[in-house]
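Chemist: need coordinates for the below:
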Amino acid sequence: MSDSNGQPAPFLHNFNTIFYLCKLFGIYPYDFQKFYYQGILQGSRLGSCVVMTVMCVTFLLFNLTLFTFGDEEVIARNNHLSVIVTIVFTYITPATMFTDQITAMRNQKRLPELFERIDYVDEDLRQLGISVDNRRVQRGIWLMVAFTFGCEFFIFVSSIYLLVDELKWSTALWIFTSLPTLYNTMDKIWFLGILLGLRDRFDAINAELEKIAEELEKRQRQQLKGQQYHESELVLQTSLPLRTEQIGDIKLERLVRDAFGELLHNREPIKSCMLSMSHESSLYTFKALQERFISLCQLHDSTCRIAKLLNELWSYPILILMAFGFVIVTSQLYFVYCATQKDHVIPLVFRSAKKRTISTVFLAYIGGKCVSLMFYSWKTSQASRRAGICLHKCGVAADSNEVYEIVNHLSLKLLNHAINFSACGFFTLDMGTLYAVRASKRYSVCGAITSYLIILIQFDMAGQQVRMSKELAAANETTAVSLLPIENYTVMPLETTTPWE
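Modeler: Numbering: from 1, shown residues only. Take a look at the predicted model:
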């Protein structure tokens, strides 16, 4: 994708759809005019004030909806523990909304820096002849937006149609019970979009290393057969100039020296950055191959640092989201069970549990949001680690001691810069979090949901037994009183006498 001047469009342009939607709903504190006219993210005090106003109004209307449509029997017919659990389950949704937007306001300067660093990596990739197609990121954002609004619309409309007996003007307040979840999902679309872009850049670097390995294997086969190897006439840049642009407080030149200092000082300077791939001066000679490997590893290191910055920006929102998903999924399943029992009062926020169709869509929506974060974080981490495997394939294909030495050195650098996405360090965002690993004695999310759901059901059954025993005791007492014998007494008239009679 390119702009009107024929230059590749910045990576931020793929987020036009989600940015305009966020500004339409009054979230994300960035300057609208700067983004619309210049295509950049810039913090705005006015935008921050608008976000806080929207959050406060949404929270007030959220509470107004609860008091308007709430059932007083929820408090009257439940014990204190059930009331406390219901309050926690209800207000974790707006708490998640506030965490997302407060974190977004804190990151007004760091998020533009992240997009700027991604553009620098793209420019370096283009200098090496590697192109990254951002259309998959754009299609992914469109798909996530369509899925989000489709689920929200279905849940809201079906809840109004199936659960409301009489339509009133105040029924429109129900939408404010869904807005906090919608705001949270739109914030996570930003994270997933950037994550998909980083994964594409790791895949592009890995594909280039795979291509080098294939060319080396092809050359080795030709040499073993005694045939002359003819390489295509391509012009590729084998090394990258060290950048001196200031990004925040870190210079990329210093980063590269720290990561690859020994190799940069030991290698001989190349007179020209552009080498023609002929048989005499091939890309796959040792010096040219060394230059190519170092350049690719520099880009890999820069992309890993961007991924770590991305994890820092969304660490608290992801932690709150996982807690939100755990609580909401557990409570929704619990209230689905309660809906099958008699004399159970379900809170307003979880009244969708009365209908299995709405509950299924709701669980798929919330669960899919949490699982997608884990899945794509895990895939991005795997893509970053695969660079070392691809690099060793090149060493095996070259079958040279010099190439083995440079490959081993660079692979250690790549191992030290491996990335792991986590929720504030409490747990890693990977597919292993969904299931139990006995060797490391980790508890899975699915196992925890099942355990707590069983505990809640057992507490409910115990409460029912206590309530039934009290009702039975009261009924027996009433029956005993009604069966008492009634004796017939003759009422004699009172005779009044006087002492002198």
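
Chemist: so where do the helices sit in the stretch 101-250 of the chain?
Modeler: Along the stretch 101-250 of the chain, counting by DSSP state H, counting those that start in this stretch, helices occupy 110-127, 135-163, 179-224.

Chemist: which of the ones you listed sits closest to V88?
Modeler: For V88, the closest of those is helix 179-224, at 14.8 Å, according to C-beta to C-beta. Every C-beta, even on glycine, is put in place using the N, C-alpha and C of the backbone.

Chemist: tell me what that closest one is packed against?
Modeler: helix 16-24, helix 45-69, helix 80-106, helix 110-127, helix 135-163, helix 286-313, helix 315-339, helix 356-398 (3 or more C-beta pairs under 8 Å, 6 or more residues apart in numbering; DSSP states H and E).

Chemist: ok, back up a step: could the helices of the stretch 101-250 of the chain be laid out in TSV, adding distance to I320?
Modeler: Below are those laid out as TSV (distance: least, C-beta to C-beta, whole Å):
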stretch	distance to I320
helix 110-127	18
helix 135-163	18
helix 179-224	9
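
Chemist: wait, V145 sits on T17?
Modeler: Yes - with contact defined as C-beta atoms under 8 Å, V145 reaches T17; the gap is 6.2 Å.

Chemist: pull the contacting residues for the residue positioned nearest the centre of the chain.
Modeler: Among the residues of the chain, the one closest to the centroid is L373, at 3.6 Å (C-alpha atoms, centre = their mean). By C-beta atoms under 8 Å, 6 or more residues apart in numbering, L373 lies in contact with 188, 191-192, 318, 321, 429.

Chemist: let's see it at 10 Å
Modeler: By C-beta atoms under 10 Å, 6 or more residues apart in numbering, the residues touching L373 are 188, 191-192, 195, 314, 318, 321-322, 325, 421, 423, 429.

Chemist: over to N311?
Modeler: 191, 195, 318, 377, 419-424, 429.

Chemist: PyMOL command for the buried members of those residues?
Modeler: Filtering the contacts of N311 down to the buried ones (16 or more other C-beta atoms under 10 Å) takes a single PyMOL command:
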select buried, resi 191+195+318+377+419+420+421+422+423+429
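
Chemist: nearest to A462 among the contacts of N311?
Modeler: A423 (33.5 Å).

Chemist: roughly how far apart are the nearest residue to the closest one once chain neighbours are set aside and D100?
Modeler: Nearest non-adjacent residue to A423, counting by C-beta to C-beta, 6 or more residues apart in numbering: L319, 4.0 Å away. The gap separating L319 from D100 is 11 Å, by C-beta to C-beta, to the nearest Å.

Chemist: which one of the two has more residues nearby?
Modeler: D100 (26 against 17; other C-beta atoms under 10 Å).

Chemist: how about the more buried one: what's its closest non-neighbour residue?
Modeler: Per C-beta to C-beta, 6+ apart, closest to D100 is D187, 4.3 Å.

Chemist: again, but for V88
Modeler: Counting by C-beta to C-beta, 6+ apart, the nearest residue to V88 once its immediate chain neighbours are dropped is V327, at 7.3 Å.

Chemist: spit out the residues that contact V145 and T17 alike.
Modeler: Joint contacts of V145 and T17 (C-beta under 10 Å, 6+ apart) are I189.

Chemist: check the contacts of N311 and tell me the two furthest apart.
Modeler: L195 and C424, at 17.1 Å, using C-beta to C-beta across the contacts of N311.

Chemist: make TSV out of the contacts of L373 and add pLDDT.
Modeler: Shown next, in TSV, are those (pLDDT from 0 to 100):
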residue	pLDDT
K188	92
F191	94
L192	94
L195	93
W314	92
I318	91
L321	90
M322	89
G325	87
F421	88
A423	85
L429	84
